[in-house]
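Asks: Structure for the following, please:
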Amino acid sequence: MNYRLTVSLPAIILGLTGFAQTLPQLGKDPVIEVVAAMTLKEKAQAVTGVSVFLPGGKRPVPGAAGMTRPIPRLGIPAMILADGPAGVRISPQRPGHKGTFYCTAFPVATLLASTWDTGLLCRVGEAMGNEAREYGVDVILGPGMNIHRNPLCGRNFEYYSEDPFLSGKMAAAMVRGIQSQGVGASIKHFAANNTETDRKALNTIVNERTLREIYLEGFRIAVEESQPWTVMSSYNLINGVYAPESPELLTHILRDEWGFKGLVVSDWYGGRDPVAMMKAGNDLLMPGTPMQSRSVYQGVKKGNLDAVILDRNVERVLNVISQTPRFKGYEYSNKPDLASHAVLSRQAAGEGMVLLKNENQALPLPPRPVMIAVFGKASYEINTGGAGSGDVNEAYSISLVEGLNEVGYGLNPDLLRIYSDYLKNNPDKQLRSQHIRRLARLPEKPVSQDLIDRVAAGSDIAFITIGRTSGEYADRRVEGDFNLTPEETDLIQRVTEAFRKQGKKSVVILNIGGVIETASWKDLPDAILLAWQAGQETGRAIADVITGKVNPSGKLATTFPVRYEDVPSARNFPGILRGGATRKHPPGILSFVFPRRSQIIYEEGIYVGYRHYDTFRIPVSYEFGYGLSYTTFRYGEPMLSGTRLTDTLGISVEITNQGQKAGREVVQLYISAPEDRLDKPLSELKAFAKTRLLKPGESEILIFQLTHRSLASFDPESSAWIAEPGTYLVLLGASSSDIRQTAVFTLD
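Replies: Predicted structure coming up:
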């Protein structure tokens, strides 16, 4: 007997729909069930990203650095990641859109750290997070927080400081601000990424104590205090193991010891072995390549990669995706409040500029009218930030001359014409991209002595701006970069001398992203203002400081040595090639595309920055924590909550503005520890605080807390943090060497 089964088409559709509805959906069902419903191919793709392209070639956020692969059948959207150490980095134009998508260029990280103001950094983070959210970005790839081991590192401007405690506190504040807006942050580059040259094949040799105390400590603070959504692993090897392939770094330390809950993302095309990266705990490989997906897929198939490990990593990726604005269906406006963010950028810039010298009350400027002679190419086309992934596509930037003009100062017309023509007519005027800024290729404009003399006679004061820029892929050089060029030195000498002969003053403004040599020429001008690279409002912020609208309160987050040779890592930076060959000059972007196997030894150990200079009594040009004000402050006698540290120890000090102008003071607390089993630096930063704006005669009491961890050093023999017993000296000061008050306590 024959039977015929007749089923209608609607019934088939209903049946398939019912089957689809049984699939678990991210956000509605447990993540573990969603992972279980994924095919092995989908899992391999989920941990490898798809660069910035959706199937069909669509880019949801043009200019973003990358994205994860969406899996619509399981309710998994893409997650968009964009660069952002100094502001969200996306393209200002989008196909099919008439509008623009500019972002705020905030000051570089080194300037932000020079504010020593965690509350301000949190607010900057909030603004960055808002722009990311409103433009459809889910994760900002920042902040960067590698240590300023050597002043020639091309990306130092992206990083905060030479000190891990200051770096960690600044990064934690920034992360809290970003993530308060419902988007993620990614602290980077984890770890010991202090060189750009050949960084993808560079083996960093560093002992365990140094790694823990200097190069990991800032990351620990940021993780424990802010729980960033992601941590980005670095390109380099550490003691022979690629950072993204290191279980010790990414699992045992980051997760087991520090309690990190998010996901680890690789730097773009970082690592060598995708399977080893999966095993180590590098959960997401970016920007993702078909080869990486196949390697992960075949790793499970062939038994080289445990499926449980892959499921774990996929789960971590999905946990973060489920927090994103895109997953939650946020309707981004493409209209962040750029006007208010520009105001914040200007405020942050003014707070982080450092007054290095101010003799004869050269600054602030007297009330208008004043005729200013403005020398130096960077006065007319300012460096707002560095190049590479730390760059931002801002709508505008304000130069020094524009900032001065806005507040009504007269500008010498001859110099305006000469420098404007020089910049306009130079054959390199079109040479500007994300990796190369044309100012770096232009020599300083030669100016005749006759012109200088005429300008000096007709002007009231001279400004000379020295500009520098650097960026990703290449490290800086000593000659013509760390050291001034002969043309720059000559300009400073001749201008300052000509104005001095006329009984007039001169000011040097440093529009730089990294440390330069200052000792050989700093006696020439009457004042020196370290303006750093202060974002799109640089010119206005400089004008705020030099007119006295803002009383400078920035303090150096990194030391300015007398000579490059005094830097403890000068002998081995940026490393040696395999076989022992040394480099005469650091190579450029080719060292990223075609990295050569090389090695760098951190032979200075824990003695980085001021730890080195202060301990070994090496003179510096400007010490860590240094910065002048237009007023002066008195430090009262410190009060301790006890003579012994048990669980915590409280320390308070009253700060009084004893000058004639309102201002803010950064109070730095250093500890000098007893030496028993371990050698110790002369002192180390353990706490800091910044006063509110104090009026003349006004006071504020600042309170600090110390714990056992504040005193501890890493003992490699016991693989533990040890606070040794004995007498500890508390040093309260305005810099690492300008100590105003001291106190002692003991640890049993």
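Asks: now the host helix or strand of residue 171: mean pLDDT?
Replies: For residue 171, the host element (DSSP states H and E) is helix 164-179. If you average the pLDDT over helix 164-179, you get 98.
Asks: okay, it in CSV with CA atoms only?
Replies: The C-alpha coordinates for helix 164-179 follow below in CSV (Å, rounded to 0.1, in the frame of the first residue of the first chain):
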residue,chain,number,x,y,z
PRO,A,164,54.2,52.9,37.2
PHE,A,165,52.2,54.3,40.2
LEU,A,166,51.4,57.5,38.4
SER,A,167,50.7,55.6,35.2
GLY,A,168,48.3,53.2,36.9
LYS,A,169,46.3,55.9,38.7
MET,A,170,46.0,58.0,35.5
ALA,A,171,44.9,54.9,33.4
ALA,A,172,42.4,53.8,36.0
ALA,A,173,40.8,57.2,36.1
MET,A,174,40.6,57.3,32.3
VAL,A,175,39.1,53.8,32.1
ARG,A,176,36.5,54.7,34.7
GLY,A,177,35.5,57.7,32.6
ILE,A,178,35.3,55.9,29.3
GLN,A,179,33.4,53.0,30.7
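Asks: Strands along the stretch 101-250 of the chain, start to end?
Replies: 139-141, 184-190, 202-205, 230-233, 237-238, 241-242 (DSSP state E, counting those that start in this stretch).
Asks: looking at those strands, which is buried most?
Replies: Comparing those by mean neighbour count (mean count of other C-beta atoms under 10 Å), strand 139-141 comes out on top with a mean of 31. The way it works is simple: take the backbone N, C-alpha and C, and place the C-beta from them, glycine included.
Asks: Let's have the strands of the stretch 101-250 of the chain in CSV, adding mean pLDDT.
Replies: Below are the strands of the stretch 101-250 of the chain laid out as CSV (pLDDT from 0 to 100):
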stretch, mean pLDDT
strand 139-141, 98
strand 184-190, 98
strand 202-205, 97
strand 230-233, 98
strand 237-238, 98
strand 241-242, 98
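Asks: any idea how this structure splits into domains?
Replies: 24-321, 338-558, 630-747 (automatic domain parsing).
Asks: rank the ones you listed by pLDDT, which is bottom?
Replies: Mean pLDDT values for the domains of the chain show the minimum at domain 338-558, a mean of 92.
Asks: And what about the closest residue to residue 377 other than its chain neighbours, helix, strand or coil?
Replies: Spatial nearest neighbour of residue 377, chain neighbours left out: residue 445 (5.5 Å); criterion: C-beta to C-beta, 6 or more residues apart in numbering. At residue 445 the chain is in coil, as set by DSSP: H, G, I helix; E, B strand; the rest coil.
Asks: For residue 445, give me its contacts.
Replies: Contact analysis of residue 445 by C-beta atoms under 8 Å, 6 or more residues apart in numbering lists 376, 377, 418, 419, 422.
Asks: Just among those, which is most surrounded?
Replies: When neighbours are counted by other C-beta atoms under 10 Å, residue 376 leads the contacts of residue 445 with 24 neighbours.
Asks: Quick check: that residue touching residue 447?
Replies: No - if you go by C-beta atoms under 8 Å, residue 376 and residue 447 don't touch, sitting 9.5 Å apart.
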